[in-house]
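Engineer: this one's sequence-less:
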């Protein structure tokens with residue numbers, strides 16, 4: 001059964017354009033309240049990132065929840081993974097996050113967490129959508145929900161993050177730059193790393209409601225690269241607007257992406273006998289990670305793109321480590337969702353244990369050049385059903401052999417066919433990617 005409003009990661013869009021409007025969020029709060037009221041008593045946690053529209057949507061959701069007779073606990077600006085953690089530990093019925101993650105300030109969205117701190121089951125999303133299409137009613141005045149502010153949320157989450165690594169580890173002598181993307185980690189991440197002993201230089205930690213993810217953070221690491229070099233830091237940490245993505249920069253100013261970070265954590269866990277199950281990546285995970293893990297006698301399983309799909313495959317295979325090259329890293333032996341701060345601490349712990357630099361740890365995995373070409377299409381096309389495209393793909397796959405990979409997939413959000421080729425030599429990979437893109441273009445036109 002398809003969903004009308006919910007995508008793979010909640011509901012997201014441009015502020016002021018349906019459904020990212022105050023009236024829809026009021027109705028959504030009420031619909032969610034109706035569902036959670038039936039699930040049991042208690043309260044719902046409500047948090048947000050730092051974008052200006054968060055205040056408007058927070059008020060609308062709180063009013064809708066109150067109209068349905070549900071109590072709300074307001075967290076204010078908090079990272080998405082913090083809300084997942086607090087939902088679980090404060091015994092809330094559910095957690096709600098107002099955020100558009102790594103998007104610019106003019107977008108916003110909403111995510112829900114279950115009482116276990118995991119993404120909301122499909123069954124409950126369907127129930128919420130059912131009520132969204134019903135007339136809105138209000139409970140009797142004596143049954144209206146109340147709202148209270150949680151005052152110690154930040155402190156609780158800081159302590160949780162620190163507890164994700166052994167208490168004896170002290171990072172004294174480590175100089176690091178922390179890029180908070182002017183987002184929800186601005187008052188959290190610097191404290192975490194300072195309190196475990198590191199010297200912290202903060203950048204992009206002054207949100208004004210409009211500068212979230214603006215030329216900073218995990219999706220735009222150039223600011224951090226320059227800062228690491230200028231401050232002669234040992235490394236840099238870049239988070240995104242809601243704190244669930246992580247990209248790191250080594251002392252040479254080189255980027256260390258999600259695939260490389262997952263490899264470092266996998267090797268670290270294996271070396272102390274604490275890695276459970278296969279490592280879970282996606283269809284886009286670099287072939288170099290797969291080959292690197294194979295040398296360690298570890299399996300990589302590939303899920304569809306999206307952290308929700310990664311999580312599903314992790315649970316199916318009793319895996320404790322998975323994620324994406326974009327920096328969503330899920331350490332299920334530490335928490336219930338992707339968490340940029342927790343993932344960074346795992347990497348820092350391995351630097352401490354081995355005495356190696358981040359650059360040295362990264363270099364233990366040979367990342368392959370990966371070229372992505374987007375081909376615009378007028379209508380939705382399935383490249384796997386086109387004979388000319390499939391013949392061209394097989395020809396390239398035969399040429400690359402075990403040292404390369406081809407992936408064609410239709411974008412889920414745009415009218416595009418994504419042509420991805422990776423292999424050992426960048427010039428060869430680029431040539432094959434461009435040739436395949438031409439075949440796709442000509443086949444679709446024909």
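Structural biologist: Structure received. No experiment lies behind these values; they were computed from the predicted model shown. Numbering: from 1, shown residues only.
Engineer: Output the below-cut-off pLDDT ranges for the stretch 1-150 of the chain.
Structural biologist: The model of the stretch 1-150 of the chain has no residue with pLDDT under 70.
Engineer: now the helices: where do they sit in it?
Structural biologist: 22-39, 53-67, 80-89, 122-132 (DSSP state H, counting those that start in this stretch).
Engineer: Turn those helices into CSV, including distance to residue 293 and mean neighbour count.
Structural biologist: C-beta here means a position set from N, CA and C on the backbone, and glycine is covered the same way. Output for the helices of the stretch 1-150 of the chain, formatted as CSV (distance: least, CB to CB, whole Å; neighbours: other CB atoms under 10 Å):
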stretch, distance to residue 293, mean neighbour count
helix 22-39, 40, 22
helix 53-67, 39, 22
helix 80-89, 25, 26
helix 122-132, 31, 16
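Engineer: Identify all contacting residues around the longest helix along the chain.
Structural biologist: Using DSSP state H, we find that the single longest helix of the chain is helix 426-445. Contacts to helix 426-445, defined as CB atoms under 8 Å, 6 or more residues apart in numbering, come from residues 368-373, 375, 377-378, 381, 383, 386, 388-389, 392-393, 396, 399-400, 404, 406, 408, 417, 419-423.
Engineer: Now, of those, which are buried?
Structural biologist: Buried subset of these (neighbour count, 16 or more other CB atoms under 10 Å): 368-371, 373, 375, 377, 381, 383, 386, 389, 392-393, 396, 400, 404, 406, 408, 417, 419-423.
Engineer: Let's see which of these end up in helices.
Structural biologist: Judged by DSSP H, the subset of the buried ones among the contacts of helix 426-445 located in helices is 389, 392-393, 396, 400.
Engineer: Quickly list what residue 406 is bridged to.
Structural biologist: Note on residue 406: beta-bridge partners residue 421, judged by DSSP bridges.
Engineer: That one contacts residue 396, doesn't it?
Structural biologist: Yes: using CB atoms under 8 Å, residue 406 makes contact with residue 396 at a distance of 5.3 Å.
Engineer: what residues do these two have in common as contacts?
Structural biologist: Common contacts of residue 406 and residue 396 (CB under 8 Å, 6+ apart): 421, 432, 436.
Engineer: The second one: neighbour count?
Structural biologist: By that I understand residue 432. The number of residues packed near residue 432 is 24, by other CB atoms under 10 Å.
Engineer: and if you look at the last one?
Structural biologist: By the criterion of other CB under 10 Å, residue 436 has 25 neighbours.
Engineer: quick one, strands of the stretch 101-250 of the chain?
Structural biologist: Ranges of strands in the stretch 101-250 of the chain, per DSSP state E, counting those that start in this stretch, are 107-113, 147-149, 175-179, 199-203, 235-239, 246-250.
Engineer: and the fourth one, what does it pack onto?
Structural biologist: Taking 3 or more CB pairs under 8 Å, 6 or more residues apart in numbering; DSSP states H and E as contact, the helices and strands that strand 199-203 lies on are strand 175-179, helix 189-195, helix 222-230.
Engineer: re the thing from before, could you dump the shared contacts of residue 406 and residue 396 to JSON lines with pLDDT?
Structural biologist: JSON lines is the format used below for the shared contacts of residue 406 and residue 396 (pLDDT from 0 to 100):
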{"residue": "421", "pLDDT": "97"}
{"residue": "432", "pLDDT": "97"}
{"residue": "436", "pLDDT": "96"}
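Engineer: what's the closest of those to residue 228?
Structural biologist: Closest to residue 228 out of the shared contacts of residue 406 and residue 396 is residue 421 (31.0 Å), distances taken as CB to CB.
Engineer: And the residue lying closest to residue 370 once chain neighbours are set aside, how far from residue 285?
Structural biologist: Distance criterion CB to CB, 6 or more residues apart in numbering; nearest residue to residue 370, sequence neighbours excluded, is residue 422 at 4.0 Å. Computed as CB to CB, to the nearest Å, the residue 422 to residue 285 distance reads 10 Å.
Engineer: Repeat that for residue 72.
Structural biologist: Counting by CB to CB, the gap from residue 72 to residue 285 is 39 Å.
Engineer: List the contacts of residue 257.
Structural biologist: Residue 257 sits next to 247, 325-327, 367 when contact means CB under 8 Å, 6+ apart.
Engineer: With respect to burial, which of the strands of the stretch 101-250 of the chain scores highest?
Structural biologist: Compared across those, strand 235-239 shows the largest average neighbour count, a mean of 29 (mean count of other CB atoms under 10 Å).
Engineer: quick one: contacts of that one?
Structural biologist: 79, 174, 176-181, 183, 185, 189, 193, 216-218, 221, 224-225, 227-228, 245-251, 340-341, 344, 351, 357-358.
Engineer: Assign a three-state SS to residue 311, would you?
Structural biologist: What DSSP: H, G, I helix; E, B strand; the rest coil gives for residue 311 is helix.
Engineer: residue contacts, it?
Structural biologist: Counting by CB under 8 Å, 6+ apart, residue 311 touches 118-119, 322, 330, 337.
Engineer: CSV please, covering those and showing distance to residue 156.
Structural biologist: Output for the contacts of residue 311, formatted as CSV (distance: CB to CB, whole Å):
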residue, distance to residue 156
118, 19
119, 21
322, 26
330, 21
337, 16
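Engineer: Skipping adjacent residues, who's closest to residue 251 in space?
Structural biologist: Sequence neighbours aside, residue 234 is the residue nearest to residue 251 in space, at 5.4 Å (criterion: CB to CB, 6+ apart).
Engineer: burial count for the one you found?
Structural biologist: Around residue 234 there are 21 other residues, counting by other CB under 10 Å.
Engineer: For it, list the residues it contacts.
Structural biologist: Neighbours of residue 234 in contact, by CB under 8 Å, 6+ apart: 174-176, 251, 357-358.
Engineer: I'd like those residues written out as JSON lines, with distance to residue 108 and pLDDT added.
Structural biologist: Shown next, in JSON lines, are those (distance: CB to CB, whole Å; pLDDT from 0 to 100):
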{"residue": "174", "distance to residue 108": "36", "pLDDT": "98"}
{"residue": "175", "distance to residue 108": "35", "pLDDT": "98"}
{"residue": "176", "distance to residue 108": "30", "pLDDT": "98"}
{"residue": "251", "distance to residue 108": "36", "pLDDT": "98"}
{"residue": "357", "distance to residue 108": "39", "pLDDT": "98"}
{"residue": "358", "distance to residue 108": "34", "pLDDT": "98"}
